[in-house]
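**Student:** structure of the sequence below:
(one chain, ligands or ions: 1)
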Amino acid sequence: MNECLFCRIAGGDIPAETVYENAQVLAFRDISPQAKSHVLIIPKQHLEGLNDLAGAKDDMLADLLRAAHEVAKVLQIDQTGYRLVSNCGKDAKQSVLHLHFHMLGGEALSERMV
Ligand code: AMP
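**Tutor:** Okay, here's the model as predicted:
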C-alpha cells in the first residue's frame, strides 16, 4: 500500500475537499487552513518536493502553475490576490514529502518574509 498521504488523497483512499482536478493535478482544501482560502495543489505523480523536479513528467511544473491559476479562479481570488508557496526540506518545515504548493488568499495576508 502506498504510504504517501497525498498519493492516498489523489487515489481517493483518504477523503479531501477537492476544489479543482485535471489529468495531472489535484487541488484540495488544507485540513488546517492558515488563511480564509487555503488550498494545496499537488501533481498526481509522486515527487518528494522541488528538489526532485528532474524526475518530473514533461511540463509538470507548467501544468501545476497553470492549474494554480484555475484554482484561483474557482476560489474567486484571482483578482483580489493570493500567495503560492512550496516548502522544501527541513529548514522550510516541509511536513508532507509529496510536492505541493500552498495557495493562500481570500483575505489580506499577514506579513511577508520575502
Ligand atoms: P507542508 O508543511 O508545507 O509540507 O504542508 C503540508 C500541509 O498538509 C499542511 O498545511 C497540513 O495542514 C496539510 N495536511 C495534512 N494532512 C492533510 C489532509 N489529510 N488533508 C488536507 N491537508 C492536509
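
**Student:** and the chain, which residues reach the ligand?
**Tutor:** Proximity of the chain to the ligand (CB under 6 Å from any ligand atom) is limited to residues Leu5, Ile14, Ala16, Asp30, Ile31, Ser32, Leu40, Asn87, Lys93, Gln94, Ser95, Val96. C-beta: built from backbone N, CA, C; applies to glycine.

**Student:** try 8 Å
**Tutor:** Contacts of the chain with the ligand, taken as CB under 8 Å from any ligand atom, map to 5-6, 9, 14, 16, 28-34, 38, 40, 85-87, 92-97, 100, 102.

**Student:** so which bits of stretch 12-30 are buried?
**Tutor:** By neighbour count on 16 or more other CB atoms under 10 Å, the buried set for stretch 12-30 is Ala16, Val19, Tyr20, Gln24, Val25, Leu26, Ala27, Phe28, Asp30.

**Student:** oops, could you answer that again for stretch 27-41 instead?
**Tutor:** Ala27, Phe28, Asp30, Ala35, Ser37, His38, Val39, Leu40, Ile41.
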